[in-house]
Structures are given as structure tokens and as C-alpha cells.
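# predicted structure and sequence below. I'll ask about it afterward.
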Amino acid sequence: FFFSSRRRHTRLQGDWSSDVCSSDLDACTPGRHPEWLWWFVRLAWGVEFRRQDMGKWLAPEIHRPYCGWLQGHADTWMGRRRRGMQGKTHVMSILPRRAAKTVIATKCLPLALHLVDPNLSCYIGSETHSKAQEFLRAIRQVLQGTDDKALFAALFGNWMEGAAVNTKTELIHAARTTTARSEPSFGTFGVDMGFAGKHPDFVSFDDLIAAETLSEASIQAAKTSYDALYPALLGDAFVSVVGTRYADDDILAYLLQRDGVRSWNGMACPNREFAPNDGLWDVYFLQGEHANGDPVMPTIWQIGRAHV
């Protein structure tokens, strides 16, 4: 797959309309390219065009396999839904801080899935409701084309023009075709605020705890929040838990110990307790540091990475 160097390096006032082409659209659309999530991240979200001013943080040797793993579960989930099959999909991404897990799993993946089913309801949540609203703000900017690095609006149109709902906490984009559904296209929640009365198709629990506020109280609050929201999900929902390990009894360990592991991918499992055992969770794990603090992959983890 190739794209022009002119399009890669020149852009005037956010207008890509004369430069994008059908191969870009196909590459970023689920079902039209074998690596659609990888290219959605690079082109539709615009990571490829952020490198010049933010530095290289998306490393193919790290993030391409992760995108492939996540896409595989998303493809399987969409296929099951088309066949009317019940049963939730559970994926857990355990990656170091600033390793692009939020960009890929919480922002790009659910947005890309709307290209297949624009009537989906996706909820994204984090340690605080305000943090989740920041995730939604980034998605909104990509949808409406005000993120001048992202190609989404040039490829698929401005989905915020004529949007039925557009607030800090939720939105219903203009590509939705049904008026019968009460849940928004994208909604937000936090450990401090749930989503009462809503039944989403996709939910991302993204960093329900943070290193800066880590405490026994915050760990317990994260567990309580997850357990309270889980019953509201549809019977065929996609459940994504995204985070970094901060404590032996954190929310990630809690879920793995309670629900078990179905499969383990990425780096080898460092704890026999989490070995695959016909459990619930499909896990992707990347370790950033050794116990002594040295980076596991110094050519990757020592590179400055940007918040995007």
C-alpha cells in the first residue's frame, strides 16, 4: 500500500479533498483491507502526518502487531453480530504508559467500527469523567475535520455537520440512520460517573486508575465502577479494558484473577497466575521496563512519545 509523498508532506488549510483517493478510503475501512486498523490509525486519524511535529512514536514493530491483534477480535465480533450470535467479546490491552494504547483502542477502533455500522453506540470511560470527555473531544475534531492532521473527514465526509446531538459528554453523528435508538453514537463515563439507563454495543474502560492518584480507595472505586456498569452492556457487546499495571491488586489483576484468561498475546506472560486457562479475557501485553527500571526495548521506549 502506497500513498503519495505530495499528500504526505503538503497540506493547505486542512483541505485534503484533491489529494485523497479511493485506495486511502479502502485501506481505512473495516472489511476492505487486511490491515484496516493500522491504516486507519495512520491516515484517517492522521498519525502519519503528526510525525514531523511530534516525533516518531508509532513504531511498526510494536504497534502494527497490536493493531492486527485488536483488529482480529473486532472482525470476529462484527462477524458474530451479523450472524445474530450472542456472547460478549472481552479484550484487555496491558501496555506501558504513552504507548498509544488509548489512541488505537479507545479512539480509533470504535470510530472505525462506525464505518461498518453507523448506528453503533460506543461508550468510552476513564478514571474521571473529564478525562473521558477529552477522549471524545479528540474524536469530535476528527469527525468534523478540524483536526488538521486527520484524513477522516476528507475520506468519509464531515459527520458532525447536521449532528443530532453534540455536547461535551456525548454525540450523535450525522451518519446515523436510525432515530429509534436512545443511546448516543459516542458517550462518556468515568469512575466518578456512570451511564445509567444506557445499553451500548461497545465500551472502553481506559485507565480506570492512574499512577498519580493511586491508592487503595482509587483501586476499589475502579473495581466497583466496572462491576456496576458491566450488567448494562448488551449481550453481544465488545468490552475493551485498556490500562497499565500499577499494583498487584489493581483493576487489571482483579479481572484476570476473577474471570480468567482465554488467550495471551504480545510478550510472554510474566505471572503464571495469569496463564491462559479457558477464561474470559483475550490479553495483549507489552512490558516497558525490567524490574530494575531499564527499558525492555530501549530503541522504542526511550523515544519521546506524544499525547495524541
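Arrived safely. Numbering: from 1, shown residues only.

# where's Ser225 relative to Phe202, distance?
Distance, Ser225 to Phe202, using C-beta to C-beta, to the nearest Å: 17 Å. Where C-beta positions appear, they are placed from N, C-alpha and C, glycine not excepted.

# those two: which is more packed in?
Taking Ser225 and Phe202 together and counting by other C-beta atoms under 10 Å, Phe202 has the greater number of neighbours (24 against 21).

# list the buried residues of stretch 28-48.
By neighbour count on 16 or more other C-beta atoms under 10 Å, the buried set for stretch 28-48 is 28-30, 33, 36-48.

# in helices, which of those appear?
36-39 (DSSP state H).

# got JSON lines for the residues you listed, with distance to Glu212 and pLDDT too?
Listed next are those as JSON lines, based on distance: C-beta to C-beta, whole Å; pLDDT from 0 to 100:
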{"residue": "Trp36", "distance to Glu212": "35", "pLDDT": "97"}
{"residue": "Leu37", "distance to Glu212": "30", "pLDDT": "98"}
{"residue": "Trp38", "distance to Glu212": "31", "pLDDT": "97"}
{"residue": "Trp39", "distance to Glu212": "34", "pLDDT": "96"}
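
# ok, these vs Glu127, which is closest?
Leu37 (25.1 Å; C-beta to C-beta).

# residue contacts, the closest one?
Leu37 is in contact with 30, 67-68, 70-71, 74, 104, 108-109, 112, counting by C-beta atoms under 8 Å, 6 or more residues apart in numbering.

# now list the buried members of the residues you listed.
In these, the ones that pass as buried (16+ other C-beta under 10 Å) are 30, 67, 70-71, 74, 104, 108-109, 112.

# farthest pair in those residues?
Using C-beta to C-beta, the two most remote members of the buried ones among the contacts of Leu37 are Pro30 and Ile104, lying 14.2 Å apart.

# what's the distance between His173 and Ser121?
Counting by C-beta to C-beta, the gap from His173 to Ser121 is 11 Å.

# next, show the common contact partners of these two.
Shared contacts of His173 and Ser121 (C-beta under 8 Å, 6+ apart): 185-186.

# how about the secondary structure of Leu58?
Put simply, Leu58 is coil when judged by DSSP: H, G, I helix; E, B strand; the rest coil.

# so what's the closest residue to it other than its chain neighbours up against?
Closest residue to Leu58 apart from its sequence neighbours, by C-beta to C-beta, 6 or more residues apart in numbering: Val47 at 5.1 Å. Taking C-beta under 8 Å, 6+ apart as the criterion, Val47 is in contact with 41, 58, 103, 149, 308.

# ditto for Arg42
48, 58.

# gap between it and Cys108?
10 Å.

# all strands for the stretch 1-150 of the chain, in order.
Along the stretch 1-150 of the chain, counting by DSSP state E, counting those that start in this stretch, strands occupy 89-94, 122-126.

# ranking those by burial, who's on top?
strand 122-126 (a mean of 27; mean count of other C-beta atoms under 10 Å).

# for that one, enumerate the helices and strands it packs against.
Contact partners of strand 122-126 among helices and strands, from 3 or more C-beta pairs under 8 Å, 6 or more residues apart in numbering; DSSP states H and E: helix 109-113, helix 129-144, strand 186-190, strand 202-206.

# so for Arg98, which of these sits nearest?
Proximity to Arg98, assessed across the helices and strands packed on strand 122-126 by C-beta to C-beta, is greatest for strand 202-206 (13.5 Å).

# which of the helices and strands packed on strand 122-126 is buried the deepest?
In terms of average neighbour count - mean count of other C-beta under 10 Å - the standout among the helices and strands packed on strand 122-126 is strand 202-206, at a mean of 26.

# where does pLDDT dip in the stretch 51-200 of the chain?
For the stretch 51-200 of the chain, the stretches with pLDDT under 70 are 51-57.

# in which helix or strand would I find Ile219?
Element membership for Ile219, per DSSP states H and E: helix 216-229.

# then Arg262?
Going by DSSP H and E, Arg262 is in strand 261-266.

# list the buried residues for the next helix-or-strand element following that strand?
Downstream of strand 261-266, the first helix or strand assigned by DSSP H and E is strand 281-285. Of all the residues in strand 281-285, those buried under the rule 16+ other C-beta under 10 Å are 281-285.

# which among the residues you listed gets closest to His63?
Using C-beta to C-beta, these come closest to His63 at Tyr284, 11.1 Å.

# OK, contacts around the closest one?
Counting by C-beta under 8 Å, 6+ apart, the residues that Tyr284 touches are 66, 69-70, 91-95, 265-266.

# which one of those residues is nearest to Ala163?
Nearest member of the contacts of Tyr284 to Ala163, counting by C-beta to C-beta, is Leu70, at 27.0 Å.
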